[in-house]
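>>> I'll drop the sequence and a predicted model, then ask my questions.
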Amino acid sequence: MSYLLSKVRSEGESRMNEEKKIADRKRNLIVLILRYLTNIGYIESSQKLESESHISLDSWEVADNIDLYQIIMEFEQYYDIRFGKLPKLVRKVNDDQKKKMPSFPKISTPTKASSTSSNIKQELQNNSNSSVNSNLNTTGSSTQRVGSQLGGLPPKNLAQNANKKVKSQNSSLDEKGVDQNNTLNMEIQGQSALGAKKNEEESTENNFFDVRVLKGMPDFGDVQELKELAAYLQRDILVENPNVKFKDIVGLDDAKRLLKEAVQIPLKYPHFFTGILEPWRGVLLYGPPGTGKTMLAKAVATECGTTFFNISASSVVSKWRGESEKLIRVLFELARHYQPSTIFLDELDSIMSQRKGGDNEHEGSRRMKTELLIQLDGLMKNKERVFLLAASNLPWDLDVAMLRRLEKRILVPLPSKEARQNMIEQFLPEGIAQDLNYQEISEALENYSGSDIKLLCKEAAMKPLRRLINQIEKSNIEQEDMQKNRKQKFQQQQSINPQEVKPDPVTNEDIVEALKTTKPSSFIKTQAYEKWAKEHGSV
Ligand SMILES: Nc1ncnc2c1ncn2[C@@H]1O[C@H](COP(=O)(O)OP(=O)(O)OP(=O)(O)O)[C@@H](O)[C@H]1O
């Protein structure tokens, strides 16, 4: 039995490892291409590729002594030794084939890299003596011609061809959720979270996100309006790197366990979750504000490697009033396209409140509500790997039709005393603080949410900093006086490194002071949530 269990576990793990390996390989290939393009002077192409792929040389670098040219050279040598001839890597396209060939899509994203272009140019100069460059000088002119041919294609055809190609590739994607044939067909807009510097650990985990980002956009039947909505969602709603782990969230053990059970385990062992055990598609996280609902949703996306859409329901209503129904449709379409996906819909009560129904309800809101219900029904019927995590501070206001579709309802309560103590220890560890009576402080923070506690700790930490700033400001005035009177002593003082000046540690007194001005933000009593949990909770 234990042999069987470990076999099932290792199958689940090896499937996830395989997905990760594919993502790694694709990312590596793009980094190699970026480096190669930069080395041979195709700066604009390199910038466009960075902007399309959301992979940047600011975050990734080719490892020592490796480059695309060398890889090809070594492959040729290997092939020559093994088969006694050189491999044929490319072949000329004849006229018939040219007509059938899909081409590159238009690039609608403004190149992000004007600020990096000077860096790249500088790097190019530094690299001008590299062996790769000198090897390539002889082929430079022919490569240039190929580049200009690609640039001359008419944009409309480019986009259409690209969309067709993406569509045909998607068929290979649905089964495993991994795009096996993907080429560089992308029309992704917006800034790249991947452009930011990351440490090695983060980067490895983000590979799952890279896989989604490397997929093309759905074509939306070439309807421009829907494409624009999708572009907005990609830019502002799709979070490429939520980067929150379950271990970063203090307490909330029940909520974490339930979410893992609802999302992570079914993704890892899908064959168990069929028939009556079909995974939950809709989960409601409810509780007072600032208790970690958003963090939980981000942790689900990070740890399960799902594409993460983070959308606030109130912003949909206010920003997209007339269009909100279409926006919801496009949102779910994108989520299905990039599945497995998690949609986090915050402040659900602002659109799904039963109080807001009735004759006065705006026609647009009514249509959006209906669309949301239709989309949720669709998820359940079609066994898509898309999860809706909705959050609300006012669960009792929610429309019953919506509640019925949020099959799991999980209370995210105010932190317990133990959790409060852990939070303070996390926000103000020894070193930043000195001799804090963590236990007593946590007792004083009843009814404070995680976000209130963070705010309180910040306020307390500001106190020694304010004292230090006052001292610095005062000493500046004194120094100016000294400068006038005793020039030599001033010069001696100037040699002190300002970086070494640090605020004193936070003390119990600082906390007491901060408590006077930082009060709990939730005005709804915990009992109200517990009462609702008893009547409607489903865990
Ligand atoms: N359990 C927790 N562990 C660690 N930090 C927490 C926790 N709960 C809240 N916080 C802190 O409070 C901030 C706000 O939390 P979060 O946005 O997840 O709350 P929320 O429940 O989604 O709030 P709202 O209902 O207002 O949207 C977090 O960024 C984090 O710093």
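Yep, it's here.
>>> List the buried residues of stretch 405-421.
Burial within stretch 405-421, assessed by neighbour count using 16 or more other CB atoms under 10 Å, is assigned to 405-415, 419-421. For the C-beta atoms, the positions are set from N, CA and C on the backbone; glycine is no exception.
>>> The ligand next: which of these are close?
Counting by CB under 6 Å from any ligand atom, nothing from these sits close to the ligand.
>>> Sitting in strands, which of those residues do you find?
The strands, defined by DSSP state E, take in 408-411 from the buried residues of stretch 405-421.
>>> Let me see the contact set for whichever residue of the chain sits closest to the ligand.
Using CB to the nearest ligand atom, G450 is the residue of the chain that sits closest to the ligand, at 2.2 Å. Shown in contact with G450 (CB atoms under 8 Å, 6 or more residues apart in numbering): 250, 290-292, 415, 419, 423.
>>> Equivalent analysis for S521, please.
289-290, 449, 451-452 are the contacts of S521 under CB under 8 Å, 6+ apart.
>>> Among those, which ones are in strands?
Residues of the contacts of S521 located in strands (DSSP E): none.
>>> Buried ones among those residues?
Using 16+ other CB under 10 Å, the buried ones in the contacts of S521 are 290, 449, 451-452.
>>> Using TSV, please lay out the residues you listed together with pLDDT.
Output for these, formatted as TSV (pLDDT from 0 to 100):
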residue	pLDDT
G290	93
S449	92
S451	93
D452	93
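>>> Kindly indicate which of those lies nearest N393.
Minimum distance to N393 across the buried ones among the contacts of S521 is 9.4 Å, recorded for G290 (CB to CB).
>>> what are the phi and psi values for that closest one?
phi 70, psi 20 (degrees, to the nearest 10).
>>> domain ranges for the protein?
Per automatic domain parsing, the domain ranges recorded for the chain read 2-165, 220-414, 417-521.
>>> Just the mean pLDDT for the first one, thanks.
For domain 2-165, the mean per-residue pLDDT is 64.
>>> Can you verify my assumption that V386 contacts P279?
No: V386 lies out of contact with P279 (CB atoms under 8 Å); the separation is 10.4 Å.
>>> Tell me if F309 really is in a helix.
No: under the criterion used here (DSSP: H, G, I helix; E, B strand; the rest coil), F309 is strand, not part of a helix.
>>> Spatially nearest residue to it (excluding sequence neighbours)?
Once flanking residues are discounted, F309 sits nearest to I343: 4.6 Å by CB to CB, 6 or more residues apart in numbering.
>>> The one you found sits in which helix or strand?
I343 belongs to strand 341-346 when assigned by DSSP states H and E.
>>> From the rest of the structure, what touches that strand?
Contacts to strand 341-346, defined as CB under 8 Å, 6+ apart, come from residues 212, 263, 293-294, 297-298, 300-301, 304, 306-313, 331-332, 334-335, 385-391.
>>> how far away is the nearest residue to G12 once chain neighbours are set aside from T342?
The shortest distance from G12 to any non-neighbouring residue, by CB to CB, 6+ apart, is to K268 (4.3 Å). According to CB to CB, to the nearest Å, K268 stands 15 Å off from T342.
>>> the more surrounded of these two?
Remark: of K268 and T342, T342 carries more neighbours, 27 against 18, as counted by other CB atoms under 10 Å.
>>> burial count for H54?
Neighbours of H54 under the rule other CB under 10 Å: 24.
>>> same deal with M462?
M462 has 16 nearby residues by other CB under 10 Å.
>>> phi, psi of it?
Torsion angles, degrees, to the nearest 10, at M462: phi -70, psi -30.
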